[in-house]
Every structure is written in C-alpha cells, then in structure tokens.
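> Turn this into a structure:
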Amino acid sequence: MANGSTTTGTAPGPRPTGGATRRPALSPSRASDFKQCPLLYRFRAVDRLPETPTRAQVRGTLVHSVLERVFALDRAERTPDRARDLLRPTWSQLSEECPEWMELFDDAGSGDELAEWFRSAETLLDSYFALEDPRRLDPEACELHVETELGSGVLLRGYIDRLDVAPTGEIRVVDYKTGAAPRQIGEAKALFQMKFYAVVLWRLRGIVPRQLKLLYLRDGQELAYTPDEPELARFERTLEAIWQAILKAGRTGDFRPSPSKLCGWCSHQALCPSFGGTPPEYPGWPEPDPGEESLLDRAD
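Model (predicted):
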C-alpha cells in the first residue's frame with residue numbers, strides 16, 4: 001500500500017541548506033534528467049553543479065509566482081490588471097531570495113532590457129487570461145507539495161502548479177508552461193511530468209485524475225489529456241525502473257552521457273566526455289536528498 005502526504009504551498013522560497021538529511025526521492029525533473037542523460041542527472045543531483053539560469057527561465061518562475069498570488073485573491077480581484085500589478089512586487093521578493101538572478105540584468109542598457117522583460121511577462125499573463133477566467137475557479141491548492149512512497153519503496157516527490165477538485169470529486173491537474181507548445185519530444189517530456197503527478201495523486205487519494213491540463217502561455221495553446229488506471233500502473237512501473245537504474249549507477253558512479261540534440265542547451269559540456277571534458281571525481285551517493293526540485297525546475 002502506498003502512503004504519503006500533501007501540503008499546500010505558499011509563495012516559493014529558497015530551499016533550506018541545513019537541518020536533517022532527507023530520504024532520497026525521485027522528482028519529475030530529476031527523473032526526466034536521467035531519462036535524457038544519466039550524466040546530466042549526476043551533474044545536477046549528485047555533484048549539484050551550479051547552472052546560470054536564462055532570463056526566460058527566471059521569467060517563467062516569476063509568472064508562476066504571480067499566478068499563485070492571483071488565486072490567493074478574492075474572485076472579483078483576479079483580473080489582468082491586478083496580475084500585472086503583482087509583477088514587480090513579486091519580482092522584488094524573488095530577487096531578494098535569489099539575488100544572483102539580478103546579475104542577469106547587470107550589463108549596460110539593462111534598465112531598458114529589464115523593462116522589456118517585464119513587458120514580456122505581462123504578455124504571458126495576458127495569454128493566461130485569454131485561456132482561462134480565474135474568477136470562475138476555486139482551486140483546492142496552488143504550488144502543492146506532494147509526496148508518496150510506492151509499494152516497491154520508491155519515494156516520489158514534487159510540486160503541482162494547481163490542483164482543481166470538482167464538487168463531484170473529480171481531479172484536474174493544471175501546469176503552466178511559459179514556453180511555446182512543444183513538438184513531439186517536448187510534448188512527451190511534458191506529459192511525463194503530468195503522469196508523474198497523476199501517479200502520486202492516484203496513490204495518495206485513490207482517485208485517477210480526470211484530466212491533466214497543460215497551458216502554454218507563449219502561444220496561447222492548451223493540451224488536455226485523460227489518463228486511465230492501467231496506464232498509470234504501467235507508468236508507475238516505469239518510474240520504479242528509472243529509480244532502480246539510478247540506484248545502480250549511484251552504487252558504481254557509472255552515470256554515462258547520452259548525446260542528443262538537447263546537448264546544445266546543457267550547461268556542462270566542458271565536463272562531458274562526449275565533448276572532450278572530464279567529470280569531477282565522483283563524490284558518492286548524494287547527501288542530502290537528490291530528489292528536491294529547485295524554483296526553476298518547478299516553473300519548467
């Protein structure tokens with residue numbers, strides 16, 4: 001029997017660096033990393049190498065945070081103008097929590113660039129309001145932390161952008177994407193994340209989500225998917241297999257690179273054998289928890 005918990009999130013903040021070590025877990029971002037390239041998983045989850053985010057990634061985090069705050073307002077206040085008003089106060093809080101993000105705008109002319117960056121965030125918010133009217137919605141939770149242990153012992157953990165529960169008990173999982181609607185490989189990655197959350201909710205609540213909904217704010221498109229129980233059971237076995245492969249690699253340090261077209265977006269080519277680099281000495285299985293997701297992961 002699976003067991004676990006859910007916690008309603010508040011405004012996202014930096015993860016704690018001290019305290020007790022948490023049990024290793026699998027998150028959708030880290031599972032996706034391992035599927036894409038085991039060495040990328042090692043660099044992020046084991047070595048925890050720093051990565052400089054792009055302005056687009058930080059903008060995605062900002063938009064997610066604003067939408068979370070929009071749903072904290074009374075229904076009548078959930079308007080496009082109110083959402084735009086929240087942009088700069090939200091950015092002030094995020095940049096205090098992650099001051100290194102302000103370095104993205106330290107170059108000459110950054111004042112104009114920052115203003116244009118805010119305008120692009122406003123455009124994404126306007127796109128959201130064209131897709132949904134939040135005044136007609138009362139989510140059960142936003143930025144919901146979920147965690148459950150499968151019968152095999154695999155611990156799953158993640159954050160759901162929004163959880164809607166109908167009066168009849170039907171569940172809808174909603175995820176905001178601030179990039180364009182993906183092609184086939186990107187769509188598969190997005191659905192992988194959503195099925196991960198569907199498995200967690202199924203095991204926590206005994207209910208298969210009625211709908212998994214992705215909102216692509218850059219081009220105003222949405223993707224809706226309806227899973228069924230046999231499919232989620234198969235996907236659960238996939239997650240168990242991924243975790244077993246991670247544990248096997250973790251025992252030996254044998255995290256091999258898997259070159260693909262996605263290598264062009266990797267921050268760690270200089271350390272990758274596929275590009276003539278040498279990884280750092282393997283530090284052993286990570287402490288603390290390698291399943292934790294960063295703010296940027298959660299706004300992916």
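
> Neighbours of Pro139, how many?
18 (other C-beta atoms under 10 Å). The way it works is simple: take the backbone N, C-alpha and C, and place the C-beta from them, glycine included.

> show me what contacts it?
Applying C-beta atoms under 8 Å, 6 or more residues apart in numbering, one finds that Pro139 lies in contact with Phe71, Arg162, Leu163, Asp164, Val174.

> switch to 7 Å and redo it
Listed by C-beta atoms under 7 Å, 6 or more residues apart in numbering, the contact set of Pro139 reads Phe71, Arg162, Leu163, Asp164.

> Give the helix, strand or coil label for the third one.
Right, Leu163. Classification of Leu163 into helix, strand or coil gives strand, according to DSSP: H, G, I helix; E, B strand; the rest coil.

> Tell me the predicted confidence for it.
Leu163 carries a pLDDT value of 98.

> so where do the strands sit in this structure?
Taking DSSP state E as the criterion, the chain carries its strands at 3-7, 141-149, 155-165, 171-177, 211-216, 221-225.

> separation between the nearest residue to Glu51 once chain neighbours are set aside and Leu137?
Take Glu51 and drop its neighbours on the chain: the residue closest to it by C-beta to C-beta, 6 or more residues apart in numbering is Ser267, 4.4 Å away. Distance, Ser267 to Leu137, by C-beta to C-beta, to the nearest Å: 37 Å.

> Check Glu77 too.
When distance is defined by C-beta to C-beta, Glu77 is 13 Å away from Leu137.

> same thing with Trp243?
Trp243 sits 35 Å away from Leu137, going by C-beta to C-beta.

> And for Asp106?
Distance, Asp106 to Leu137, using C-beta to C-beta: 39 Å.

> the more surrounded of the two?
Set side by side, Asp106 and Leu137 show more neighbours around Leu137, with 14 against 7, by other C-beta under 10 Å.

> Would you mind listing the residues in contact with the residue nearest to that one when sequence neighbours are not counted?
The shortest distance from Leu137 to any non-neighbouring residue, by C-beta to C-beta, 6+ apart, is to Asp164 (6.6 Å). The neighbours of Asp164, taking C-beta under 7 Å, 6+ apart as the test, are Leu137, Pro139, Glu140, Arg172, Val174.
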